[in-house]
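K.L.:
dropping the sequence and predicted coords here.
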Amino acid sequence: MPTASAALDGRLDFYGTYAQLKALSIGGLVIGTQSWTTDQGEVHWTGASWVQTAVVDGLVANSGGVQAGATPLTAMMNRIGTVGGAGYSCVLPISYSSACITVTNGTATATNIFPNAGGTGTEAINALGANAAFSLGANKTVDLVCYTAGQWFTNPLVP
């Protein structure tokens, strides 16, 4: 059955049959960067663990304002409900071409949104530097889209 990867990067490693993998997802296979191998009827799969229809409401942004300890954004639609203070942060899943995530900051304090260092190692949001935080203003919503792995863009560009 599925096991969490050691990197805790929002991904999972799965060893089992194709039917077991399909049963784990909602409406089809789990979305994300996928690598497949087969071994005597078994499917060995690595990919992002969030699904297209998933919604997470009331996330708590993590203190510290650093990428490594940021709260993972694990769904296609995420609403941050608690921010303890300035510099609190969340982190995107590993990017892949055609990824799209909505993030709503439902608090009165800006929140840092980091790209995921577990992907290309140098992921970025807009024209910010590699692994640099994007500040999502209080009571703002932004869509983040990825056309090419390693690069996220916000829509609107400046929310």
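P.N.:
Looks like it arrived, so ask away.
K.L.:
assess the claim that Thr154 and Leu144 are in contact.
P.N.:
Yes. Thr154 lies in contact with Leu144 (CB atoms under 8 Å); the separation is 5.7 Å. No exception for glycine: its C-beta is placed from N, CA and C like everyone else's.
K.L.:
which of those two has more residues huddled nearby?
P.N.:
Leu144 (22 against 17; other CB atoms under 10 Å).
K.L.:
and the strands in this protein?
P.N.:
3-4, 11-16, 35-39, 42-48, 55-60, 71-72, 77-82, 89-91, 100-105, 111-114, 124-125, 134-136, 140-148, 151-155 (DSSP state E).
K.L.:
could you list the domains of the chain?
P.N.:
Annotated domains of the chain cover 3-48, 55-155 [automatic domain parsing].
K.L.:
any weak-confidence spans in the chain?
P.N.:
Within the chain, the segments meeting pLDDT under 70 span 1-53, 119, 158-159.
K.L.:
how many neighbours does Leu92 have?
P.N.:
Using other CB under 10 Å, Leu92 has 24 other residues around it.
K.L.:
would you mind measuring from it to Gly69?
P.N.:
14 Å (CB to CB, to the nearest Å).
K.L.:
again with Ser63
P.N.:
The value you get for Ser63 to Gly69, if CB to CB is used, is 8 Å.
K.L.:
hmm, back to that, which residues do Thr154 and Leu144 both contact?
P.N.:
Common contact partners of Thr154 and Leu144 (CB atoms under 8 Å, 6 or more residues apart in numbering): Ile125.
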